[in-house]
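[1] model the structure of this input:
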Amino acid sequence: MKKRIDPGYLISLLLSVVLAFVIGAVILAIAGFSPGKAYLAMLNGAFSSARHIGDLLEYAMVLCLCGLACVLGARVGIFNVGGEGQLLLGAIVACQVGVWLDGLTPWLVLPLAALAAMAAGGLYALIPGVLKVKVKVNEVITTIMLNTVAASFCQYLAKGPWKNANKNMVAATEQLNARYWFGGLIGGSNLSTAILAAAVLALVIWYVMQKTSRGYEMKLTGQNERFARFIGIRTDRLVLVCMLLSGALCGLVGMFRVYGAEHLFRDSISRDYYFEGLMVAMIARYQPLAVVFLSLFFAALKIGAQGMELAAGVPNQIYLIIQTVVIFLMAAESGLFGALQNRVRKGKEAEKHA
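    Residues are numbered from 1 along each chain as shown. From the prediction side, this is the model:
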């Protein structure tokens with residue numbers, strides 16, 4: 001079951017990243033900025049201080065877990081685009097558990113909040129999963145629609161029955177008692193002890209997918225569901241379980257955001273984190289280990305771009321340009337790389353006949 005890394009893919013990824021930075025440099029030069037100074041400021045913005053490194057790791061953790069949630073569904077052939085809504089539901093439910101149980105020991109509140117977040121995200125993900133398995137409704141459509149429903153519902157709760165008593169906060173719940181906050185690991189940054197739990201989760205997901213028979217069954221189901229069913233794999237149940245786990249992981253990310261960085265629920269708890277994690281998963285070809293490393297890379301880009309804007313006055317949208325170019329090139333990678341291979345092969349054949 002060991003999967004070798006495709007050298008062609010690694011070459012394509014490296015070339016895509018290099019070309020993205022070159023295009024970014026051209027745009028910077030046209031805009032009147034020095035590409036060298038801008039990229040140096042980006043590097044300093046990501047790694048020049050412990051606080052920046054802490055923010056980088058916290059953002060990478062969110063990207064990684066969201067990417068792995070997407071991988072869980074994609075491995076069995078279902079495309080969970082609803083992780084953003086599942087994240088929001090997990091965040092607000094986990095927050096409210098902490099508000100309702102205020103005064104109890106953190107050893108009880110934190111596990112209950114995590115379970116509540118996982119239940120909210122997982123059960124919400126089951127809706128499109130059941131529709132897909134039972135009546136063959138396209139999960140991309142249902143999950144996108146359910147994102148809007150979840151976002152609106154959470155906004156209603158944050159503005160209505162669960163609203164913060166502070167009238168200046170338009171859409172936010174009550175703040176958690178500080179005793180329930182995850183401990184900070186680097187002063188001044190958003191990095192908390194949640195990253196330790198995230199690392200364990202990533203390791204478990206990698207191990208199950210790459211080293212167990214269940215992971216092999218998931219792979220077979222995603223590649224050829226009819227064949228998997230023919231050899232005795234209960235594919236419908238496997239798809240539902242993976243969708244449940246995918247949503248539960250998204251809900252847990254929401255809980256980590258509330259108890260680690262925000263300490264209450266508000267609209268800004270997620271800035272389309274799941275969609276960025278989804279893009280990371282797609283570029284990584286749904287390989288868990290690749291998701292981890294690419295999450296670190298894109299987190300360094302984003303945190304570095306914020307520092308670049310402060311230090312060099314370069315708009316941090318350059319990060320989005322680089323990210324988009326990498327995604328575009330990797331999406332076209334098979335065609336571009338295949339065309340390049342064909343040209344090389346034809347060149348060698350022409351030399352032989354010459």
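
[2] quick one: contacts for residue 312?
    Residues near residue 312 by Cβ atoms under 8 Å, 6 or more residues apart in numbering: 33, 37, 38, 41. Every C-beta, even on glycine, is put in place using the N, C-alpha and C of the backbone.

[3] name the element the closest residue to it other than its chain neighbours belongs to?
    The shortest distance from residue 312 to any non-neighbouring residue, by Cβ to Cβ, 6 or more residues apart in numbering, is to residue 41 (4.1 Å). Residue 41 is part of helix 35-47, with elements assigned from DSSP states H and E.

[4] packing partners for that helix?
    The contact analysis (3 or more Cβ pairs under 8 Å, 6 or more residues apart in numbering; DSSP states H and E) places helix 35-47 against helix 7-30, helix 50-74, helix 288-312.

[5] show me how far the shortest one is from its chain's centre.
    Spelled out, that is helix 7-30. When C-alpha coordinates are averaged (Cα atoms, centre = their mean, to the nearest Å), helix 7-30 and its chain have centres 22 Å apart.

[6] okay if I get the helices and strands packed on helix 35-47 as JSON lines plus distance to residue 181 and mean pLDDT?
    Supplementary listing: the helices and strands packed on helix 35-47 in JSON lines, determined by distance: least, Cβ to Cβ, whole Å; pLDDT from 0 to 100:
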{"stretch": "helix 7-30", "distance to residue 181": "36", "mean pLDDT": "83"}
{"stretch": "helix 50-74", "distance to residue 181": "14", "mean pLDDT": "93"}
{"stretch": "helix 288-312", "distance to residue 181": "22", "mean pLDDT": "87"}
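
[7] residue ranges with poor pLDDT in the stretch 151-300 of the chain?
    Residue ranges of the stretch 151-300 of the chain with pLDDT under 70: 167-169.

[8] what residues of stretch 209-222 count as buried?
    For stretch 209-222, the neighbour count (16 or more other Cβ atoms under 10 Å) marks 209, 210, 215, 217, 218, 219, 220, 221, 222 as buried.

[9] isn't the third one right up against residue 208?
    Right, residue 215. Yes: between residue 215 and residue 208 there is a contact under Cβ atoms under 8 Å: 5.2 Å.

[10] pull out the buried residues from whichever strand or helix holds residue 203.
    If you go by DSSP H and E, residue 203 is part of helix 194-211. Buried residues in helix 194-211, counted by 16+ other Cβ under 10 Å: 194, 195, 197, 198, 201, 202, 205, 206, 208, 209, 210.

[11] centre of the chain versus stretch 104-124, how much separation?
    For stretch 104-124 - counting by Cα atoms, centre = their mean - the centre lies 20 Å from the chain centre.

[12] swap that for stretch 189-198, please
    15 Å.

[13] can I get that stretch as CSV, trimmed to CA atoms?
    This file holds the C-alpha atoms of stretch 189-198, laid out as CSV (Å, rounded to 0.1, in the frame of the first residue of the first chain):
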residue,chain,number,x,y,z
SER,A,189,1.0,35.1,18.5
ASN,A,190,-2.2,33.1,18.0
LEU,A,191,-0.3,29.8,18.4
SER,A,192,-1.8,27.7,21.1
THR,A,193,-1.5,24.1,22.5
ALA,A,194,-4.3,23.2,20.0
ILE,A,195,-1.4,22.6,17.5
LEU,A,196,-0.3,19.6,19.6
ALA,A,197,-3.8,18.0,19.2
ALA,A,198,-3.7,18.9,15.5
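
[14] that older thread, and which of the buried residues of helix 194-211 is nearest to residue 77?
    residue 209 (14.1 Å; Cβ to Cβ).
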